[in-house]
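Asker: What would the 3D arrangement of this be:
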Amino acid sequence: MTKFNAIGILILSLIAFAPVVDAGCSCSGGTWDPSGFLNSEIGTVLPGSAGDSAAGNSGSGTAGTQKSFDRGASFPNGAILKAMKSVSSSDVVMDVSNTDSYSTSHINNAIHIPSKAFLNGEGNLKTDEELAKVLGDAGVSRDDSIVLYAGKESSGEAEFAFLVLRYLGQKDVRLLDGSLGDWKAAGLPEETSENILPGTEYGPMVKPQVIAEYQYVKSGQAQVIDVRPFVEFGKGRIPGSIALDPANVIKGDKIKTGTDLGMVFSRLDKEKPIVVYSDDYSRSALVWYALQLMGYEASIYTWEDWKAHKATDVPAGTTPAGGDAVASKYTKLGTT
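Answerer: Numbers count the residues shown, from 1 in each chain. This is a model prediction of the structure:
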């Protein structure tokens, strides 16, 4: 082989391999779409990327250096959040939507227990025995690994179901980190047929500390957060309570990351327990779950129970108000 032939072969080889080296080009064959990967956040500079520059130039890296972003790692107690990629066939996936979305489409093999099934006709939490029967009839046992989701993420439905299961002593229960829409977008299996498990006996081990009682709330031992609409907070509230709009713990359709929640809850004392109350379990459970993610000791309470006790627990000659005087100073927690 002559010297000139060798040079020619080398040049042709370089030309042939040039498209492979330039993996980040926007060629006519298509562009790399980060939304097609599980647990990735568009526009977020991911830690550990080899191509990251000091100025945060996200265009300097290649697809090969990108790492999936695990949202659970941003929370002190992120273990109660389940990444979509980690859902397995051994999990009991539970759709707790209160709409008819389950019949339209749901995660493959998921069963359906609407979160409202845990409430009685008056909108109050059912008795321990009734709650256990709902789960047992659906084929759920306390030893199962449960993954909860609702048709609309962060609606409070899945968070409420999580609270009920934790109250009954379920050890392994998590919320899916993503909506049904995210699941479909990731190309994960879905179906429309109903799934029914054989009935079983659910043996609860009730954790009473999950649900606060009147005397405890009244004692002042806990920080009290009111998550009702602010206009209702202005009409009457538990003395010393702090107003918090549940929208403050949401960004888009997801619960905020640990950094953002840390800012929302920055005025709370981490060493003092918290009671979250409302007249809507979905609102209070949503904030309660966010506090769980951040490692706070929190319980849940209802405004109706407070009013019922105050009606019979006031000094003679006074008006049985729902809470402290409307004229007192408002305290609001967090910003949207």
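
Asker: so Asn120 touches Val134, yeah?
Answerer: No - under the criterion of Cβ atoms under 8 Å, Asn120 makes no contact with Val134, lying 11.2 Å away. Heads up, the C-betas are built off the backbone N, CA and C, glycines and all.

Asker: Settle it for me: which of those two has more neighbours?
Answerer: Per other Cβ atoms under 10 Å, whichever of Asn120 and Val134 has more neighbours is Val134, with 17 against 10.

Asker: what helix or strand is that one on?
Answerer: When secondary structure is defined by DSSP states H and E, Val134 falls within helix 128-137.

Asker: what comes up buried for that helix?
Answerer: Applying a neighbour-count criterion of 16 or more other Cβ atoms under 10 Å, one finds 131-132, 134-136 buried in helix 128-137.

Asker: Just name the closest of these to Leu244, please.
Answerer: Nearest to Leu244 among the buried residues of helix 128-137, counting by Cβ to Cβ, is Leu131 at 26.9 Å.

Asker: dump the residue contacts of that closest one.
Answerer: Contacts for Leu131 (Cβ atoms under 8 Å, 6 or more residues apart in numbering) come out as 118, 125, 164, 167-168, 204.

Asker: what sits up against the next helix or strand after the helix holding Val134?
Answerer: With elements assigned by DSSP H and E, the helix or strand that comes after helix 128-137 is strand 146-149. Applying Cβ under 8 Å, 6+ apart, the external contacts of strand 146-149 come out as 82, 87, 91-96, 107, 110, 140, 158, 161-162, 165, 170, 172-176, 178-180, 183.

Asker: Starting from strand 146-149, tell me which strands it pairs with and how they run.
Answerer: If you go by DSSP bridges, strand 146-149 pairs up with strand 92-95 (parallel), strand 173-176 (parallel).

Asker: mind exporting the helix holding Val134 as CSV, just the C-alpha atoms?
Answerer: The C-alpha coordinates for helix 128-137 follow below in CSV (Å, rounded to 0.1, in the frame of the first residue of the first chain):
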residue,chain,number,x,y,z
ASP,A,128,-61.3,0.9,61.8
GLU,A,129,-63.3,-2.2,61.1
GLU,A,130,-65.1,-0.7,58.1
LEU,A,131,-61.8,0.5,56.7
ALA,A,132,-60.2,-2.9,57.1
LYS,A,133,-63.2,-4.5,55.3
VAL,A,134,-62.9,-2.1,52.3
LEU,A,135,-59.3,-3.2,51.8
GLY,A,136,-59.9,-6.9,52.6
ASP,A,137,-62.8,-7.1,50.2
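
Asker: next SSE after the helix or strand of the chain with the lowest mean pLDDT?
Answerer: In the chain, no helix or strand scores lower on mean pLDDT, DSSP states H and E than helix 3-21, which sits at a mean of 42. Using DSSP H and E, the helix or strand that follows helix 3-21 in sequence is strand 81-82.

Asker: Does anything pack onto that following strand? Which helices or strands?
Answerer: For strand 81-82, the elements it packs on are strand 173-176, judged by 3 or more Cβ pairs under 8 Å, 6 or more residues apart in numbering; DSSP states H and E.

Asker: again, only using 10 Å
Answerer: strand 146-149, strand 173-176, helix 281-293 (3 or more Cβ pairs under 10 Å, 6 or more residues apart in numbering; DSSP states H and E).

Asker: ok, then the element right after the last one?
Answerer: The one in question is helix 281-293. Following helix 281-293 toward the C-terminus (DSSP H and E): strand 298-302.

Asker: now that next one against helix 281-293, angle please.
Answerer: Interaxial angle of strand 298-302 relative to helix 281-293 (axes from the mean of the first three to the mean of the last three Cα atoms, to 10 degrees): 170 degrees.

Asker: For strand 298-302, the averaged confidence score.
Answerer: Across strand 298-302, pLDDT averages out at 98.

Asker: What is it packed up against?
Answerer: helix 157-167, helix 214-219, strand 223-226, strand 274-278, helix 281-293.
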